[in-house]
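Visitor: Here's a sequence, model it:
(2 chains)
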Amino acid sequence: AQSVTQPDIHITVSEGASLELRCNYSYGATPYLFWYVQSPGQGLQLLLKYFSGDTLVQGIKGFEAEFKRSQSSFNLRKPSVHWSDAAEYFCAVGPNRDDKIIFGKGTRLHILP
Amino acid sequence: DTGVSQNPRHKITKRGQNVTFRCDPISEHNRLYWYRQTLGQGPEFLTYFQNEAQLEKSRLLSDRFSAERPKGSFSTLEIQRTEQGDSAMYLCASSRATLTNNEQFFGPGTRLTVL
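Guide: Next up is the predicted model:
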């Protein structure tokens, strides 16, 4: 069965520091991969997605993610975080373009001033 | 506002009561999805529609749950005889599925509390 693992429940970084959020997936074929962000009281917002092609994908708000098939990973990175990045981040996999999305349990990002 | 809207945003009910939530998708989006998110978890798929047809239902969707999208526009999710375990955030998403893209746009959710 398809699954997504986000090994870090909480991550704390200082403002201006770099960030990497880990994501591993289990899927039998080439997955469609997503990163979403959820702020309190807000809906889920898509940061970036990988369908095919270049394994390094750029997203909104200065985020990027790299698909590594050999490691079944799709880690999210940002070179310098801002206080407004504090939120919950979800990695997700889609079985195909037309089907449901399977989410990880999320990583809550805390930013120190 | 052209985003996905959900009503109500919050609902408190007593165990055993029925509740109904509404989702208005982005105009012209042919697909509509319902997810449930409990505390400390990621959203879990419940069901989805293409136009008015309900194409898939999760095993999470017990017989107390029913969803409709009668005219292929807005959708309702009804929970009958609510239980405390139904307390969660119910998220709706819509998409305009094409051959190259099926980005789902999420609404703000309806938070249900069952007392």
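Visitor: near chain A, which residues of chain B show up?
Guide: Applying Cβ under 8 Å from any Cβ of the partner chain, we find that chain B lies next to chain A at B:3-4, B:31, B:33, B:40-45, B:48, B:56, B:58, B:91, B:93, B:97, B:99-109. Quick note: C-beta positions are derived from backbone N, CA and C, even for glycine.
Visitor: If we use 6 Å, what do you get?
Guide: Within chain B, the positions near chain A by Cβ under 6 Å from any Cβ of the partner chain are B:Gln41, B:Gly42, B:Pro43, B:Phe45, B:Ala97, B:Asn102, B:Phe106, B:Gly107, B:Pro108.
Visitor: Excluding chain neighbours, give the residue nearest to the closest residue to chain A within chain B in space.
Guide: Proximity to chain A, evaluated over chain B using Cβ to the nearest Cβ, is greatest for B:Gly42 at 3.1 Å. Leaving aside its chain neighbours, B:Gly42 sits nearest to A:Phe103 (3.1 Å; criterion: Cβ to Cβ, 6 or more residues apart in numbering or on different chains).
Visitor: Next: B:Arg64.
Guide: B:Gln80 (4.7 Å).
Visitor: That neighbour - how many residues pack around it?
Guide: Neighbours of B:Gln80 under the rule other Cβ atoms under 10 Å in any protein chain shown: 14.
Visitor: Which pLDDT does the model give it?
Guide: Note on B:Gln80: pLDDT of 97.
Visitor: Can you give me the distance of it to A:Ala92?
Guide: 30 Å (Cβ to Cβ, to the nearest Å).
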